[in-house]
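Student: Need coordinates for the following:
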Amino acid sequence: QKSSKEMGEEEERRALEKATMEEHLDDIFRIVYVSTFNTAVQALQVLFQATCMEGGHPPARFYRALYARLGSGEFRSSSKHSLFLNLVFKAVKHDPLPTRRAAFIKRILQVAAAAPVSLACGALILVSEVMATRGEMWEVLEQKRNEE
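Tutor: Next up is the predicted model:
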C-alpha cells in the first residue's frame, strides 16, 4: 500500500508530466502551421500518436490543422502523398464526430478532382475504405446534401 505522501507525490509528478507534454504538443502544433508540408506531415503524425495514447481521440485542434493542410496547395506537389493520406485515413477513422468525418470526405474529394492521377486514385481508395469501415457515413453525407 502506498502512503498518502507517496500518492500525493505521484499525482504531482503526473501533473507535471502532463503540463510538460501539453507544452511540447503546443510547440509541435506551431511546427505544423509554420513549416513546409513534408515537415508538417511528420509533425501531424507525432501529434496523432501522442494524442491517441491510451485510447483517446485527437483534439479538435488536431483536426483543424489536418484539414488546413489537406486543402493547402503544397499537398498536390508533395512527395508525401501516401504518408499524408494514411494519416488522414487513421484520423478520419478515429474521429468521433460524423459531421467532421463528412467534411473530411468532401475535402478529400475536392482535392482529388484537381490532383494528379496517382493522388486522385489514392484519395478515392481512402474514401472507399472510410465508407466501408464507417457505414453510417452514407447517411451523414446524404443528410448534408438534402439540407443544402
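Student: switch to C-alpha atoms for all contacts and neighbour counts from now on
Tutor: Noted.
Student: for this protein, which helix is longest?
Tutor: Counting by DSSP state H, the longest helix found in the chain is helix 4-34.
Student: what about the helices in this structure?
Tutor: So, for the chain - with DSSP H - the helices run 4-34, 37-51, 60-70, 74-77, 81-94, 98-113, 117-133, 137-147.
Student: In contact with Glu9, which residues?
Tutor: Contact partners of Glu9, counting by C-alpha atoms under 8 Å, 6 or more residues apart in numbering, are absent.
Student: In stretch 121-129, which residues have enough neighbours to count as buried?
Tutor: Using 16 or more other C-alpha atoms under 10 Å as the test for burial, stretch 121-129 gives Gly122, Ala123, Leu124, Leu126, Val127.
Student: quick one, what contacts the last one?
Tutor: Taking C-alpha under 8 Å, 6+ apart as the criterion, Val127 is in contact with Ile105, Ile108, Leu109.
Student: ChimeraX command for the buried members of those?
Tutor: Typed into ChimeraX, the line below selects the buried ones among the contacts of Val127, using 16+ other C-alpha under 10 Å:
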select :105,108,109
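Student: Closest one of the contacts of Val127 to Asn38?
Tutor: Closest approach between the contacts of Val127 and Asn38, by C-alpha to C-alpha: Ile108, at 18.0 Å.
Student: Once you drop chain neighbours, what's closest to that closest one?
Tutor: What sits nearest to Ile108 in space, not counting adjacent residues and going by C-alpha to C-alpha, 6 or more residues apart in numbering, is Ala123, at 6.3 Å.
Student: pLDDT score for that neighbour?
Tutor: Looking at Ala123, its pLDDT stands at 92.
Student: my guess is it contacts Arg107, does it?
Tutor: No - between Ala123 and Arg107 there is no contact under C-alpha atoms under 8 Å: 10.1 Å.
Student: Can you work out which residues contact both of those two?
Tutor: With C-alpha under 8 Å, 6+ apart, Ala123 and Arg107 have no common neighbours.
Student: Let me know the distance separating the residue sitting nearest the centre point of the chain from Cys121.
Tutor: Geometric centre of the chain, nearest residue: Ala91, 4.1 Å, by C-alpha atoms, centre = their mean. Plainly put, Ala91 is 19 Å away from Cys121 if you go by C-alpha to C-alpha, to the nearest Å.
Student: Ile31 too?
Tutor: Applying C-alpha to C-alpha to Ile31 and Cys121 gives a distance of 29 Å.
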